[in-house]
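Predicted coordinates and the sequence they were generated for:
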Amino acid sequence: MWRYLARRLLMVIPVLLGISIITFVLIYYLPADPARMYAGPGATVETVARIRHELGLDLPFWQQYANYLNNVLHGDLGFSYRKQEPVLQLILSRLPYTFALIAAGIFVELALGLPIGIASAAARGRWPDRAGMFIALLGVSAPAFWLGLMLLYVFAYQIPIFPLGGATEPLSIVLPAITAGLGGAAWYARMMRSSTLDVLSADYVRTARAKGQGQRPVLWRHVVPNAINPIITMAGMDIPWFIGGIVLVEQVFAWPGLGRLTVEAIQTVDVPLILGTVSVTAMIVVLSGILVDVVQAVVAPRIRLAR
């Protein structure tokens, strides 16, 4: 187990190094000029050249990357061109909002998807099953940006129950969480239904019924605990998906998270901030994958032995 964990942690280094190189190359060959963006549209050619020299943007590519890598190894992610703050400080100030939205979105997924899936499987072929799968189809089909705008229009503008955007009060997270989690809830409903139906046909379930146990005790004592195991794994794998997909939700609701910060950095060609947000995002994704594998190995010893 510890050997497997050490190998996975060592794999993080080349992955993050590769991502930083790709990001640096893409930024280096961008048609936009970071020095011009920093100086402003009215700056003279001499001013732009001076700023480019001060920022080290006139150095060769390999030297710029070597300087960046050296600073990162010393815990310095650089200084934001536009916000005039340390990149690490900016990222740390936004991470709690992103993590809170991820946790709330996963809660919405599970709180809506699992009951719908269980109810659909228990009423297979009847109207609750058809209604549940129809709702799941709607959830999968609705684009996140459209759903977010509709929720804002109805529940923040027409019926002002929730704030229009930002993170100014506790209720601010409700609409973003529903937008982020509704599509996943639809998938969970379909997966939970399929998993529950598989377990319902197992021999031990038929044995429990033959002993006279009713539908509800069989469902909650024998079926659901076994059917939910693969869903737990999927919930862990949602973290990388949320990190990538939550950018749109943060933009729609003006949620001050890491995704919105990344978009702002790209729009202003803030090179240190782009590199910092991309690197931290990649690290979160990789480490969350390792965490899921560790949890799987603890829960299922067969996985640990196989590795």
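Sure thing, it's come through.

pLDDT below threshold where in this structure?
1-2, 4, 233, 236, 295-307 (pLDDT under 70).

Okay, buried residues for stretch 156-164 please.
For stretch 156-164, the neighbour count (16 or more other Cβ atoms under 10 Å) marks 156, 162-163 as buried. From N, CA and C alone the C-beta is placed, and that goes for glycine too.

before we move on, what about stretch 199-215?
Those buried within stretch 199-215 under the rule 16+ other Cβ under 10 Å are 199-200, 205, 208.

out of these, which are inside helices?
199-200, 205, 208 (DSSP state H).

returning to what we had before: as JSON lines, the buried residues of stretch 156-164 with secondary structure and distance to F107 would be great.
Output for the buried residues of stretch 156-164, formatted as JSON lines (DSSP: H, G, I helix; E, B strand; the rest coil; distance: Cβ to Cβ, whole Å):
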{"residue": "A156", "secondary structure": "helix", "distance to F107": "21"}
{"residue": "F162", "secondary structure": "coil", "distance to F107": "17"}
{"residue": "P163", "secondary structure": "coil", "distance to F107": "19"}
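
Which one of those is nearest to Q213?
F162 (44.2 Å; Cβ to Cβ).

Report how many residues lie close to the closest residue to I173 other than its chain neighbours.
Excluding the flanking residues, the one nearest I173 by Cβ to Cβ, 6 or more residues apart in numbering is A104, at 5.3 Å. Using other Cβ atoms under 10 Å, A104 has 17 other residues around it.

How far away from the center of its chain is the host helix or strand of A104?
According to DSSP states H and E, A104 maps onto helix 87-122. The chain centre lies 8 Å from the centre of helix 87-122; the measure is Cα atoms, centre = their mean, to the nearest Å.

How about the very next helix or strand once past it, which residues are buried there?
Proceeding N to C from helix 87-122, the next assigned helix or strand is helix 127-141, under DSSP H and E. Residues 129, 132-133, 135-136, 139 are the ones in helix 127-141 that count as buried (16+ other Cβ under 10 Å).

For those, which two are the farthest from each other?
The widest separation within the buried residues of helix 127-141, taken as Cβ to Cβ, falls between D129 and G139 and amounts to 15.8 Å.

Out of the ones in helices among the buried residues of stretch 199-215, flag the one nearest to L248.
Nearest member of these to L248, counting by Cβ to Cβ, is V199, at 35.5 Å.

Got phi/psi on F79?
phi -120, psi 130 (degrees, to the nearest 10).

Would you mind measuring from it to T262?
17 Å (Cβ to Cβ, to the nearest Å).

Looking at the two now, which is surrounded by more residues?
Each of F79 and T262 has its neighbours counted (other Cβ under 10 Å); T262 has more, 22 against 18.

I'd like the buried residues of helix 127-141 laid out as JSON lines, including distance to Y188.
Formatted as JSON lines, the buried residues of helix 127-141 follow (distance: Cβ to Cβ, whole Å):
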{"residue": "D129", "distance to Y188": "16"}
{"residue": "G132", "distance to Y188": "12"}
{"residue": "M133", "distance to Y188": "13"}
{"residue": "I135", "distance to Y188": "12"}
{"residue": "A136", "distance to Y188": "9"}
{"residue": "G139", "distance to Y188": "10"}
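
just the residues you listed now: which is nearest Y28?
Among the buried residues of helix 127-141, G139 lies closest to Y28 (Cβ to Cβ), at 41.2 Å.

show me what contacts L138?
For L138, the contact set (Cβ atoms under 8 Å, 6 or more residues apart in numbering) comprises A186.

And I118, by the same measure?
Counted by Cβ under 8 Å, 6+ apart, I118 has contacts 192-193, 196, 219, 224, 227.

Can you list which of these are found in helices?
Checking these against DSSP H, those in helices are 192-193, 196, 224, 227.

Determine which two of those are furthest apart.
Checking the ones in helices among the contacts of I118 with Cβ to Cβ, the most distant pair is R193 and V224, at 12.0 Å.
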